[in-house]
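In: Generate a structure from the sequence data that follows.
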Amino acid sequence: MSLFNNIKIQTPESVELEFILAGVGGRAVALTIDYTLLSLGLLLTFWLGLFVLSQLSQWESLLYVDTDTLQLWAIAILGLLMFFLYVGYFIGFETWWYGQTPGKRYAKIQVIRDDAQPVRLFQATLRALLRPVDDILFVGFFLILLGKREKRIGDWLAGTLVVQVGPRANKDEIVVVETAKSVSAELPSVMNFDAISPDDFAIIREYLQRRKMMTAEASHEVSVRLARQIEEKTKLESLPKNMEAETFLEAVYWGYRQRK
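Out: Okay, the predicted model is just below:
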């Protein structure tokens, strides 16, 4: 098995994108950071819970409930809080940070769906709930190490992959030429921007992030195909005069960001 595995994914728009799988090393670094941060949060929650338990005897006369009952309720609530914190950490970050957590962002890796679309709440929840199963006896580690697609149980059931995202960590690092920025202001008057879905935008963003990793021929082919699909969806008759497909995609990307 090579150090880094490449994988080609055909998106629902029939655009083929190539990714580098994250591998065990990158995922281990990310998980170490995430578990460190999560442990601090769980520890703080636990100590707060102990403090509340120590004060229950003073509340008995006020609430007309015996201390044993209060302690049982407090322990149950504390357990639920710690469970929701554990799964909520991964669900929240992976949903709102486009498949990244603080650890994944540091390690420059990202969770995506099998069709290269961004992960949603459903996929993030499945991955988080199955994480304890993957951690038991290092089951997830061996599945990632031995599988061609480097998936743990949570990835298989959620239909996700973990890939490298290169030197940039977020969409703000995409370079947009001034021509594209100027054209983006005119696009809403000639095309229906509302027809561009968040998934369409994610594919455009993914292409713009990865174009430098493609050959010139592959980049041109993908940009032309994407531009044509956006033309059809938005009812745009043709690209602005003398504009290349890649610049048009930059303009759509920039205009969509400004609208949102």
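
In: Please, where are all the helices along the stretch 151-260 of the chain?
Out: Along the stretch 151-260 of the chain, the stretches classed as helices by DSSP state H, counting those that start in this stretch are 153-158, 178-184, 198-210, 216-234, 245-259.

In: Including mean neighbour count and distance to residue 10, could the ones you listed go into CSV?
Out: For every residue, glycine as well, the C-beta is placed using N, CA and C. Conversion of those to CSV gives the following (neighbours: other CB atoms under 10 Å; distance: least, CB to CB, whole Å):
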stretch, mean neighbour count, distance to residue 10
helix 153-158, 20, 18
helix 178-184, 16, 27
helix 198-210, 20, 11
helix 216-234, 17, 11
helix 245-259, 20, 18
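
In: so can I have a markdown table of those helices showing mean pLDDT?
Out: As requested, these are exported to a markdown table (pLDDT from 0 to 100):
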| stretch | mean pLDDT |
| --- | --- |
| helix 153-158 | 92 |
| helix 178-184 | 83 |
| helix 198-210 | 81 |
| helix 216-234 | 83 |
| helix 245-259 | 85 |
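
In: Let me see the mean pLDDT of the top helix by length along the chain.
Out: Once the chain is assigned using DSSP state H, the helix that runs over the most residues is helix 23-63. The average of the pLDDT scores along helix 23-63 is 80.

In: In terms of secondary structure, what does it contact?
Out: Here helix 23-63 is seen to pack against helix 67-96, helix 102-107, strand 109-113, helix 139-146, strand 160-164 when contacts are counted using 3 or more CB pairs under 8 Å, 6 or more residues apart in numbering; DSSP states H and E.

In: TSV for the helices of the stretch 151-260 of the chain, including distance to residue 143?
Out: Written out in TSV, the entries for the helices of the stretch 151-260 of the chain read as follows (distance: least, CB to CB, whole Å):
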stretch	distance to residue 143
helix 153-158	7
helix 178-184	42
helix 198-210	26
helix 216-234	31
helix 245-259	36
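
In: Ok, which of the ones you listed comes nearest residue 98?
Out: helix 198-210 (7.8 Å; CB to CB).

In: Against which helices or strands is the closest one packed?
Out: Counting contacts by 3+ CB pairs under 8 Å, 6+ apart, helix 198-210 packs against strand 16-20, helix 216-234, helix 245-259.

In: Mind telling me what element the residue sitting nearest the centre point of the chain is part of?
Out: For the chain, residue 99 is the residue whose C-alpha lies nearest the centre (CA atoms, centre = their mean; 1.0 Å). Per DSSP states H and E: residue 99 is located in neither a helix nor a strand.

In: per-residue pLDDT, it?
Out: At residue 99, the model reports a pLDDT of 89.

In: Thought residue 110 was touching it, still the case?
Out: Yes. Using CB atoms under 8 Å, residue 99 and residue 110 qualify as a contacting pair, with a distance of 4.5 Å.

In: Of all the helices and strands packed on helix 23-63, which one is nearest residue 24?
Out: The closest approach between residue 24 and any of the helices and strands packed on helix 23-63, judged by CB to CB, belongs to helix 139-146 at 5.4 Å.

In: Just give me the neighbour total for residue 239.
Out: Residue 239: 18 surrounding residues under other CB atoms under 10 Å.

In: so who does it touch?
Out: In this structure, residue 239 makes contact with 227, 231, 245, 248, judged by CB atoms under 8 Å, 6 or more residues apart in numbering.

In: repeat that with 10 Å
Out: By CB atoms under 10 Å, 6 or more residues apart in numbering, the contact set of residue 239 is 183, 224, 227, 228, 230, 231, 245, 247, 248, 251.

In: and which of these is nearest residue 134?
Out: Distance from residue 134 was checked for each of the contacts of residue 239 by CB to CB. The minimum falls on residue 230, at 38.2 Å.

In: Nearest spatial neighbour of that closest one, chain-adjacent residues omitted?
Out: residue 252 (5.9 Å; CB to CB, 6 or more residues apart in numbering).

In: No further questions, thank you.
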